[in-house]
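> Please work out how this folds:
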Amino acid sequence: MPQLISTGFNELVLGQQAQFERRLNAETIHLFAVVSGDVNPVHLDAEYAAETVFGEPIGHGMWLGALVSAAIATQLPGPGSVYRAQQLQFKQPVKVGDTAVVTLTVKELKARIRLVVLDCEVHNQDGKLLARGEADVIAPAESGAVAAPELPKVQLL
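Below is the predicted model of the structure:
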């Protein structure tokens, strides 16, 4: 079973980085719409989206935000992290077929409350900046490992 590794606060260093990536497909857009309730037709209706500035359906911006959250929870600092705040600016749309690559970089460490400030960037497979921001996270006190939970299979009808 795969393991998720957490990095305790005292082992974090300025400039430390981690990456997390996922590919966006039409099914992901539909699943995100179901879970979030965001049924904006720019995401779900090709005819409608064709008449917008984008010319085609685009992924939800908050899907990118969810990937930042996943990167924090599974990569840096990892399991046991408490996500306190997120500021995120969307620069370009994420499109079907894009691979979104999240890069987290430790920017600041505040020992009193184990607070880690992370620079967050999301680029596509061509290096185009999709989103940029900053997250405040309380890091776990100790490093450790936990088994990655198995996710159920989900199918759209």
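
> alpha carbons only for contacts and neighbour counts from here, please
Noted.

> show me where this protein has strands.
Here the chain has its strands, by DSSP state E, at 3-6, 17-23, 82-90, 99-110, 115-123, 129-138, 144-147.

> Within the sheet, what are the partner strands of the last one, with directions?
Using DSSP bridges, the neighbouring strands of strand 144-147 in the sheet come out as strand 3-6 (antiparallel).

> List the contacts of the strand it pairs with.
Identification of contacts with strand 3-6 by C-alpha atoms under 8 Å, 6 or more residues apart in numbering yields 74-80, 140, 142-148.

> How about stretch 83-100?
When contacts are defined by C-alpha under 8 Å, 6+ apart, stretch 83-100 is touched by residues 21-26, 57-61, 64-65, 69, 72, 122-125, 128-138.

> Can you go through those residues and name the buried ones?
21, 24, 26, 57-61, 64-65, 69, 72, 122-124, 129-138 (16 or more other C-alpha atoms under 10 Å).

> Could you check how far A46 is from T52?
10 Å (C-alpha to C-alpha, to the nearest Å).

> same question but for A139, I mixed them up
41 Å.

> Looking at the two, which one has more neighbours?
A count of neighbours by other C-alpha atoms under 10 Å puts A139 above the other of A139 and T52, at 29 against 11.

> Now do the same contact list for the closest residue to that one other than its chain neighbours.
Sequence neighbours aside, S81 is the residue nearest to A139 in space, at 4.9 Å (criterion: C-alpha to C-alpha, 6 or more residues apart in numbering). By C-alpha under 8 Å, 6+ apart, the contact list for S81 reads I72, A73, V137, I138, A139, P140.

> contacting residues for the first one?
Pointing back at I72 there. By C-alpha under 8 Å, 6+ apart, the contact set of I72 is G78, S81, Y83, L104.

> So the last one sits against V116, correct?
No - distance between L104 and V116: 11.1 Å, which falls outside the contact criterion (C-alpha atoms under 8 Å).

> Which neighbours do these two have in common?
Shared contacts of L104 and V116 (C-alpha under 8 Å, 6+ apart): none.

> what residue is smack in the middle of this structure?
What sits nearest the mean C-alpha location of the chain, by C-alpha atoms, centre = their mean, is L67, with 1.6 Å.

> any idea how far Y83 is from K153?
Counting by C-alpha to C-alpha, the gap from K153 to Y83 is 26 Å.

> Thanks again, I'm all set now.
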